[in-house]
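1. Fold the following and give me the result.
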Amino acid sequence: MSQIKPGRDGIDWLNRLGKWRTVFAGWQLGTRAKGDPESDALRHHREATMLLRADVNALTAMLIKKGVFTAAEYTEQVQDEARHLCSEYERRFPGFKATDDGLSINTAIARDTTAGWKP
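-> The predicted model follows:
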């Protein structure tokens, strides 16, 4: 695998972006030391998610600039994918439904879905 080179300004922005993982982990779990398994796992996941977002944004911008598809076509496809994922999540988590106002929860159905979840 090739070494990632710094940006045009000489700064390794991917490295800097990864530093935010600690803020997100602290936001979710509170302050934890490196070596705490739960926090380490969350920091790793947050870093991967942030880098993936940068990758997808870069690819999308390049494809639009090259005329492979338009920004409007891309936006519509993202909406289609989000609609599909919402439908899949509703099947995976019966009793839950995302709405514009938040999550709608049918407690009679969700009770079975959440049985065994941590309190």
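
2. okay, CA-based contacts and neighbour counts for the rest of this
-> Fine.

3. Quick check: buried residues in the helix or strand M50 falls within?
-> Assessed by DSSP states H and E, M50 sits inside helix 37-65. Across helix 37-65, burial judged by 16 or more other Cα atoms under 10 Å covers S39, D40, L42, R43, R46, E47, L51, T60.

4. distance of the residue nearest the centre of the chain from L17?
-> By Cα atoms, centre = their mean, the mean C-alpha position of the chain lies nearest to T49, the distance being 5.2 Å. Computed as Cα to Cα, to the nearest Å, the T49 to L17 distance reads 11 Å.

5. repeat for Q28
-> 18 Å.

6. Kindly report the same for A48.
-> From A48 to L17 the distance is 10 Å (Cα to Cα).

7. again, but for R53
-> In this view, R53 and L17 are 11 Å apart by Cα to Cα.

8. same question, F96
-> On the measure of Cα to Cα, F96 and L17 end up 33 Å apart.

9. Which of these two has more residues huddled nearby?
-> F96 (19 against 13; other Cα atoms under 10 Å).

10. wait, that one sits on A108?
-> No. Between F96 and A108 there is no contact, the gap being 10.6 Å when judged by Cα atoms under 8 Å.

11. How is Q77 assigned, secondary-structure-wise?
-> helix (DSSP: H, G, I helix; E, B strand; the rest coil).

12. Hmm, I typed the wrong one, I wanted W27.
-> helix.

13. go on, the one 4 residues further on?
-> T31 falls in the coil class when you classify it by three-state DSSP.

14. Give me the domain ranges for the chain.
-> Using automatic domain parsing, the domain parsing of the chain gives 12-68, 70-119.

15. how about TSV for the ones you listed, with distance to P6 added?
-> Shown next, in TSV, are these (distance: least, Cα to Cα, whole Å):
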stretch	distance to P6
domain 12-68	4
domain 70-119	28
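
16. Looking at those, which one is packed in the most?
-> Among the domains of the chain, ranked by average contacts under mean count of other Cα atoms under 10 Å, first place goes to domain 12-68 (a mean of 14).
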